[in-house]
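Engineer: sequence? don't have it. structure:
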């Protein structure tokens, strides 16, 4: 837009105002100061706590790396780390794809678009208790809708929530369901910033819908898509509520479903074992960071920032 | 004009001073607890106290169980505990050992009306830190309709483990299981353990290595895994024991007195079930537990808080609590205000069982091993471990945790 | 797929288009069923009795349509206060988040400055940590400031938004650099470039952020429950979750409360929806 107005001599140069640094600092200051106070300080606190053994509400005892030694020698930690990985594999690609597909459909000029958009937004505001009730009913092995439907074909349906190999898949389905709305709204916002003129031009060139999708839509919303995938990965790795709600310790599938955050939550808020819980947080932080770094490397290659 | 203004000013000043003086006298206390179903009872107690003490205002706050302890912990660390709050046996040690609870020893309360185990529960190093609020016991609930259909006699005080198992076998069909034996402690195998002469935790020692304990847990687990008279572990994952009983899918279960107000407000089960005392093993036993009213050590008004807690422990307050159908009051002699609310139900067996009741086991670090116990026993049910292995593992775990 | 569909003269093409549209509707309607089901369930449950609500196998329709539970929940909870607190909380967080995140998002996307990577890492760090880590330290801060049990306490953790900063950064990244350079040539300083030229182009993104911020504020029931004592200082979701009993929950009442609580969120979303449609006409930024 209006790029022709810029003097070509100046375009390539690193053209900066003298005061740019000052402006930049001023503009990021509120966020950075806020984050340092609200989040970085508690994070540092957690790092320190991970070196202590907490004793109820009393003063904690310094134990060095003992929490880490104990943690890494716990088989469940490795199992949970795998559970978290597996959960990402199960939820992120499928979830983002569904959200993208729906966003594209809902961005087109179809009848009843507003109604659809409202309906797809509903899961985000419905009471979590209603959501849990409904899914428990759907997945109930004896009287659940799913197994009754399967039963029509004379097959006995599985124990969706208590089969050790299946529970995490069932939970992934719920997680995808509840996340689709969020991702959908974000991708929609991204789609809104694509000019219709691109599609008009492509249509004149005879590109079909699929071609248009891959050659126009995907590249142009890649910054948003990158963001959505990154956030979804982080949130999947931080997944906690659904697993915690549906897979209790008395569930035979507990070991193969408990994610790192479930372990963390159990230590921190059931056992009130702050030191060990902090060590788990550090471990999951490292894992999330590895994922994030990979994605930022991929961003450089794949994401199109104009 | 000047005079008028002066008078007005003086009046204003006076009015301000008066209101200040009043404000100074006015004391606001916060009262925290976790069960919304008991809010009417707690409010009634607070109001009765406020009526007698017009200068005290008591604000009740309900926080659901799942958030209550997190909130209390944050509050204890931030020095902002509610002035008065409910205390639970599992959490007591943590709060009392950190010095966050108000010493109530000089309250001058007579503790004889309360179950001794509950008073002792909230006693730490010879000092009293909470006044017993209520107690609960475990009874055998049974579905009359299913018993009638099977032509069996209803459970009574003569029942033993064998009678229970035999009846459950006869009641078990394609759609109904005779008895619910879930992986549960308080309304589950702990009752069997004490009925068998075993124990879970006593005098600083784990009882999981005791043969009586192991035998009792084995019998309990085998009701499901060998006898097949209980819904499976998978089935309990989808629907809890309580839910299955209320839906008529389980004919008998052990159930705590706390469920009674829910059962009697469910129109599908309320006329179909009744209660009996627990069947006996080698001896009689029923696990009981009780909450206490505690005060914050940091409160600004320790004397008022103590006075209010003393009131909460009084006969009058216990009656108020009972009349609101919340829980069995701790004060002996007031139980009938609670039991009278349930017609056509043998609810009295709950209060009868306190005679041979056993206090729900607790230890200073129970919150650390309780989740491990749930997980380990799951392995015993699935067969990953034998019951003996699971018990021995728990014994080692508890011994190790409590030794630290 | 059918974006910017324009009538094309070829007949064959238009029948293909009709089929495609039908397919789209089928997909969307099937999806709608899955999405709307818990909502329908919530409404149905709110009319059931307690026994009907927990029946196994579940009973679909309530036996009576009397709004008993609605009357009950309106009696138990101070809904006027809860609505007010929730709306104040949402508005405050939306304003804080959009203002600070817009500035920071712009700076991260379009400016070069020392420590940029470190600062951005701070933003990411917040996103990489579970929120439960922050609860007790933040409680401590409020306690030290003597701000517990206030509306400010509710707003506190949302004063700035790492999510918003990152989200808006992505949108600023997508805006062409030519625009800002042209603005500089026209004599705009950095802030003017941001405020007058680029920020207006991120309107849809800001609206989306507003909806998200509101959603996060709306659905977080843990924080209000922990930081505030008095029911008069609670938000809707926190107030409703306090209806959860220790051993048994009156689901119909809880669902009735949740249905009433959804109203402000739905209104907000509907308003935002409007913006989306207008947004199409206003932004033609990628050219």
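Structural biologist: In hand now; what should we look at? Nothing here was measured: the structure is a model prediction, and the numbers come from that model.

Engineer: contacts, neighbours, all on C-alpha from now
Structural biologist: Fine.

Engineer: where are the low-confidence patches of the chain?
Structural biologist: Chain wasn't specified; assuming chain A. Residues of chain A meeting the criterion pLDDT under 70: A:1-18, A:306.

Engineer: The chain in question should be chain C.
Structural biologist: Along chain C, segments meeting pLDDT under 70 span C:1-13, C:275-287.

Engineer: the longest helix in it is where?
Structural biologist: Longest helix in chain C, counting residues (DSSP state H): helix C:11-47.

Engineer: Buried residues of that one, list them for me.
Structural biologist: Using 16 or more other Cα atoms under 10 Å in any protein chain shown as the test for burial, helix C:11-47 gives C:17, C:21, C:24-25, C:28, C:31-32, C:35-39, C:41-47.

Engineer: go on, stretch C:51-71?
Structural biologist: Neighbour counts over stretch C:51-71 (16+ other Cα under 10 Å) mark C:51-56, C:68-70 as buried.

Engineer: How about stretch C:220-236?
Structural biologist: C:221-236.

Engineer: What is the nearest of those to residue C:114?
Structural biologist: Residue C:114 lies nearest to residue C:223 out of those, by Cα to Cα, at 35.4 Å.

Engineer: isn't that closest one right up against residue C:133?
Structural biologist: No - Residue C:223 is beyond contact range of residue C:133, at 12.0 Å (criterion: Cα atoms under 8 Å).

Engineer: Keep the buried residues of helix C:11-47, but drop any that are not near chain A.
Structural biologist: Residues of the buried residues of helix C:11-47 in contact with chain A (Cα under 8 Å from any Cα of the partner chain): C:21, C:24, C:28, C:32, C:35-36, C:38-39, C:41-42.

Engineer: Need the residues touching each of residue C:223 and residue C:133.
Structural biologist: Counting by Cα atoms under 8 Å, 6 or more residues apart in numbering or on different chains, residue C:223 and residue C:133 have no common neighbour.

Engineer: ok, residue B:258 to residue C:60 distance?
Structural biologist: From residue B:258 across to residue C:60, the span is 28 Å (Cα to Cα, to the nearest Å).

Engineer: can you check residue B:97 too?
Structural biologist: 51 Å.

Engineer: Repeat that for residue C:29.
Structural biologist: Counting by Cα to Cα, the gap from residue C:29 to residue C:60 is 21 Å.

Engineer: same check, this time on residue A:148
Structural biologist: 15 Å.

Engineer: Distance check, residue A:199 against residue B:94.
Structural biologist: Residue A:199 sits 65 Å away from residue B:94, going by Cα to Cα.

Engineer: typo on my end, it should be residue A:159
Structural biologist: Counting by Cα to Cα, the gap from residue A:159 to residue B:94 is 39 Å.

Engineer: got it, and residue A:203?
Structural biologist: Residue A:203 is 70 Å from residue B:94, by Cα to Cα.

Engineer: These two: who's more crowded?
Structural biologist: Under the neighbour definition other Cα atoms under 10 Å in any protein chain shown, residue A:203 and residue B:94 were set side by side, and residue B:94 has more, 21 against 17.

Engineer: Just to check, that one is in contact with residue A:56?
Structural biologist: Yes - look at residue B:94 against residue A:56 with Cα under 8 Å: they come within range, at 5.2 Å.

Engineer: Now the element after the host helix or strand of residue B:303, going C-ward?
Structural biologist: In the assignment (DSSP states H and E), residue B:303 maps to helix B:302-312. Next helix or strand after helix B:302-312 toward the C-terminus (DSSP H and E): helix B:315-323.

Engineer: Tell me how far that following helix lies from the chain's centre.
Structural biologist: 17 Å (Cα atoms, centre = their mean, to the nearest Å).

Engineer: for it, packing partners?
Structural biologist: Counting contacts by 3 or more Cα pairs under 8 Å, 6 or more residues apart in numbering or on different chains; DSSP states H and E, helix B:315-323 packs against helix B:39-52, strand B:328-329, helix B:335-339.

Engineer: Pull the residues that contact that helix.
Structural biologist: Under Cα under 8 Å, 6+ apart, the answer for helix B:315-323 is B:41-42, B:44-45, B:133, B:311-312, B:327-331, B:334-335, B:337-338, B:341.

Engineer: Quick check on those: which are buried?
Structural biologist: By 16+ other Cα under 10 Å, the contacts of helix B:315-323 give B:41-42, B:44-45, B:133, B:311-312, B:327-331, B:334-335, B:337-338 as buried.

Engineer: closest to residue A:31 among these?
Structural biologist: Closest approach to residue A:31 among these (Cα to Cα): residue B:42, at 44.1 Å.

Engineer: still on that earlier bit, list the contacts of the helix holding residue B:303.
Structural biologist: Against helix B:302-312 from outside (Cα under 8 Å, 6+ apart): B:29, B:45, B:49, B:83-84, B:102, B:104, B:107, B:109, B:131, B:133, B:293-295, B:299, B:317-318.

Engineer: Selecting buried members of those residues in PyMOL, what would you type?
Structural biologist: In PyMOL syntax, the buried subset of the contacts of helix B:302-312 is picked out as below (16+ other Cα under 10 Å):
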select buried, chain B and resi 29+45+49+83+84+102+104+131+133+293+294+295+299+317+318
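
Engineer: Mark which of the contacts of helix B:302-312 are part of helices, please.
Structural biologist: Those of those lying in helices (DSSP H): B:45, B:49, B:317-318.

Engineer: List just the nearest of those to chain C.
Structural biologist: residue B:45 (17.8 Å; Cα to the nearest Cα).

Engineer: what packs against the helix or strand hosting residue A:100?
Structural biologist: Assigned by DSSP H and E, residue A:100 falls within helix A:75-107. The contact analysis (3+ Cα pairs under 8 Å, 6+ apart) places helix A:75-107 against helix A:113-121, helix A:167-192, helix A:222-237, helix A:254-257, helix A:260-265.

Engineer: Any idea how far that helix is from the middle of the chain?
Structural biologist: 8 Å.

Engineer: How about stretch B:137-151?
Structural biologist: 24 Å.

Engineer: One more: stretch C:248-261?
Structural biologist: Relative to the centre of its chain, stretch C:248-261 is centred 21 Å away, using Cα atoms, centre = their mean.

Engineer: is chain B contacted by it?
Structural biologist: Yes - counting by Cα under 8 Å from any Cα, chain B is contacted by stretch C:248-261 at residue C:248.

Engineer: Which positions within that stretch qualify as buried?
Structural biologist: Quick answer for stretch C:248-261 (16+ other Cα under 10 Å): C:248-259, C:261.

Engineer: Equivalent analysis for stretch B:61-75, please.
Structural biologist: For stretch B:61-75, burial by neighbour count (16+ other Cα under 10 Å) applies to B:61-65, B:67-75.

Engineer: now that stretch: mean pLDDT?
Structural biologist: The average pLDDT within stretch B:61-75 is 90.

Engineer: now swap in stretch B:80-93 and tell me
Structural biologist: Throughout stretch B:80-93, pLDDT has a mean value of 93.

Engineer: So is it next to chain C?
Structural biologist: Yes - residues of stretch B:80-93 are located near chain C by Cα under 8 Å from any Cα, namely residue B:80.

Engineer: Tell me the span between the first and last residue of that stretch.
Structural biologist: Start-to-end, stretch B:80-93 (Cα to Cα) is 19 Å.

Engineer: And the contacts of it?
Structural biologist: Residues outside stretch B:80-93 that contact it (Cα under 8 Å, 6+ apart): B:29-34, B:72, B:75, B:121-122, B:130, B:289-296, B:298-299, B:305, B:309, B:362-367, C:143.

Engineer: who are the neighbours in contact with residue A:51?
Structural biologist: Contacts of residue A:51 by Cα under 8 Å, 6+ apart are A:62-67, A:275, A:279.
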